[in-house]
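Student: Below is the sequence, then the predicted model.
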Amino acid sequence: MTDPDDLPADDPSADAPEANPGARPVIRLKPKAGRRFLAGAPWVYQDEIVMDRRTRKIPAGAVVELQDPERQTLGLVAFNAESAISARLLDVDPGAEIDAAWLESRIAQALALRERLFDKPFYRLVHAEADFLPGLVIDRFGDAAVIQPNAAWADARAEEIAQAVIRVAGVSTVVLNAGSRARAQEGLSGETRLLAGALDGPVETPMNGAVYLADLMGGQKTGLYYDQRPNHAFVARLAPGARVIDVFSHVGGFSLAALAGGAASALAVDGSEPALKLAAEGAARSGFGDRFETRRGDAFDTMTALAEAGETFDVVVCDPPAFAPNRSAFQNGMRAYGRVARLAAKITAPGGYLTLCSCSHAVDLENFRGACAHGLRTAGRAAQQIRAGGPGPDHPSLPALPETSYLKALTWRLP
């Protein structure tokens, strides 16, 4: 006799996935569900899956077979019943083995792309879904790598992934970073720790003619923001002879590149004293410490104080954290981006250049542009947009998953 609790609440037709002893568990799409997945996106949301009692008992991170409502196999997915993104596509081949060889093959494909793009081993090695390793981020810093397993399947295989990176990329040190906000959404916890090798301090990372210091154990994200590299380079082209301010600077991403490009001076503003110390050390090791200053403080308060003091800069950059990490934060995020634009415009010299950035997944380019335009108008500044930038090529995107193309960097000239 069928247990009524095994039937989906919205489908009393007893069409729950069948047990298949000795094989992988099976999950099934609800009727008319999974449109984005069927159109090429690698995600299936919790409310699109038949969630009977058997399905809910599947351990988080398990590899399962995904079927459509007619019981046709769609591929292998990593499953987590408690996550809003409950299924992440691993392989369209239902016979694939998600083992060490499979991991090495995927990492090797990602490595081949980066080795074609970069002449030095400093880059994002794996960009999650866009490198067909969903929820897994790996940044490389020469002989060290930082892995960020933001999905349950990858977290459960962290040691195996570390060994695969060592074998494929030849690194000697691997750090597991557990600081991502995305991990909490998967029900994951833990501490950042060494999985292999050793570290004796921040790692020198060369980019755009400057030396950056990446704190792989205690810094933000994985220690450095590789995604902004081409935008750093563009700002550096505007910098010769300029007075530059880099707001939300972290370890000096835009300001160090600007100094390498010939800026007369650069001021880095951030709320983190450790990040500013790394920025200052990077400037010193790059050979332009005498042209670099830091100021610790709230970005909004600092820009307000500078404007009230009549200070202006030839090149202004604001690269804040994600003000709208999800749709529920959209309106607040839009207001924050508008406020950043207004305050930044007030400290941009006539004829100067202003770059504003957003890494919010929930804010697309046009909405971000609109928020910035509103802030510029409120500040009473005319503006000419001269560039719209995105992440570097080591952060590829999937055409069916716009969430993988999250970074926006808009540059204006303010007459």
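Tutor: Perfect, thanks for sending it.

Student: Could you pull out the helices in this structure for me?
Tutor: Per DSSP state H, the chain carries helices over the ranges 35-38, 53-56, 100-117, 152-156, 158-169, 181-185, 229-238, 253-260, 273-286, 299-308, 330-346, 365-378.

Student: Could you figure out how far the last one is turned away from helix 330-346?
Tutor: Between the axes of helix 365-378 and helix 330-346, defined by axes from the mean of the first three to the mean of the last three CA atoms, to 10 degrees, the angle is 50 degrees.

Student: Against which helices or strands is helix 365-378 packed?
Tutor: Packing partners of helix 365-378 (3 or more CB pairs under 8 Å, 6 or more residues apart in numbering; DSSP states H and E): helix 330-346, strand 384-389, strand 408-414. From N, CA and C alone the C-beta is placed, and that goes for glycine too.

Student: Tabulate those (JSON lines), appending mean neighbour count, mean pLDDT and distance to residue 128.
Tutor: Below are those laid out as JSON lines (neighbours: other CB atoms under 10 Å; pLDDT from 0 to 100; distance: least, CB to CB, whole Å):
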{"stretch": "helix 330-346", "mean neighbour count": "21", "mean pLDDT": "96", "distance to residue 128": "22"}
{"stretch": "strand 384-389", "mean neighbour count": "14", "mean pLDDT": "98", "distance to residue 128": "21"}
{"stretch": "strand 408-414", "mean neighbour count": "22", "mean pLDDT": "98", "distance to residue 128": "18"}
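
Student: Distance to residue 314 added to these, as a markdown table?
Tutor: Shown next, in a markdown table, are those (distance: least, CB to CB, whole Å):
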| stretch | distance to residue 314 |
| --- | --- |
| helix 330-346 | 13 |
| strand 384-389 | 14 |
| strand 408-414 | 10 |
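
Student: closest to residue 228 out of these?
Tutor: Minimum separation from residue 228 across these (CB to CB) falls at strand 408-414, 7.2 Å.

Student: tell me the domain boundaries of the protein?
Tutor: 29-96, 100-196, 203-414 (automatic domain parsing).

Student: for the record, mean pLDDT for the first one?
Tutor: Read it as domain 29-96. Averaging pLDDT along domain 29-96 gives 97.

Student: chain center to it: distance?
Tutor: Put simply, domain 29-96 sits 24 Å off its chain's centre (CA atoms, centre = their mean, to the nearest Å).

Student: before we move on, what about the second one?
Tutor: Mean C-alpha position of domain 100-196 versus that of the full chain (CA atoms, centre = their mean) differs by 13 Å.

Student: Tell me the span between the first and last residue of that domain.
Tutor: Taking CA to CA, to the nearest Å, domain 100-196 runs 17 Å from one end to the other.

Student: now the domains of the chain as CSV including distance to residue 23?
Tutor: Shown next, in CSV, are these (distance: least, CB to CB, whole Å):
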stretch, distance to residue 23
domain 29-96, 8
domain 100-196, 18
domain 203-414, 29
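
Student: Among the helices and strands packed on helix 365-378, which comes closest to residue 238?
Tutor: It's strand 408-414; of the helices and strands packed on helix 365-378, that one is closest to residue 238 (CB to CB) at 7.8 Å.

Student: And the closest one, what does it pack against?
Tutor: Packed next to strand 408-414, using 3+ CB pairs under 8 Å, 6+ apart, are helix 229-238, strand 348-358, helix 365-378, strand 384-389.

Student: can you redo those as a markdown table with distance to residue 130?
Tutor: Below are the helices and strands packed on strand 408-414 laid out as a markdown table (distance: least, CB to CB, whole Å):
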| stretch | distance to residue 130 |
| --- | --- |
| helix 229-238 | 16 |
| strand 348-358 | 19 |
| helix 365-378 | 18 |
| strand 384-389 | 18 |
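
Student: How many neighbouring residues does residue 103 have?
Tutor: As a burial measure, residue 103 scores 21 neighbours (other CB atoms under 10 Å).

Student: ok, it - contacts?
Tutor: 133, 157, 160-161, 164 (CB atoms under 8 Å, 6 or more residues apart in numbering).

Student: tell me which of these is nearest to residue 255?
Tutor: Distances from residue 255 to the contacts of residue 103, taken as CB to CB, are shortest for residue 133 (32.9 Å).

Student: Please tell me how far that closest one sits from residue 77.
Tutor: Distance of residue 133 to residue 77, computed by CB to CB, to the nearest Å: 13 Å.

Student: my read: residue 317 touches residue 252, true?
Tutor: No. Judged on CB atoms under 8 Å, residue 317 makes no contact with residue 252 at a distance of 11.0 Å.

Student: Give the residues shared as contacts by these two.
Tutor: residue 246.

Student: Stretch 245-254: end-to-end distance?
Tutor: End-to-end distance of stretch 245-254 (CA to CA): 9 Å.

Student: What is the burial count for the residue nearest to residue 399 when sequence neighbours are not counted?
Tutor: In this structure, residue 399 finds its nearest non-sequential neighbour in residue 40, 7.1 Å apart by CB to CB, 6 or more residues apart in numbering. Counted with other CB under 10 Å, the neighbours of residue 40 add up to 11.
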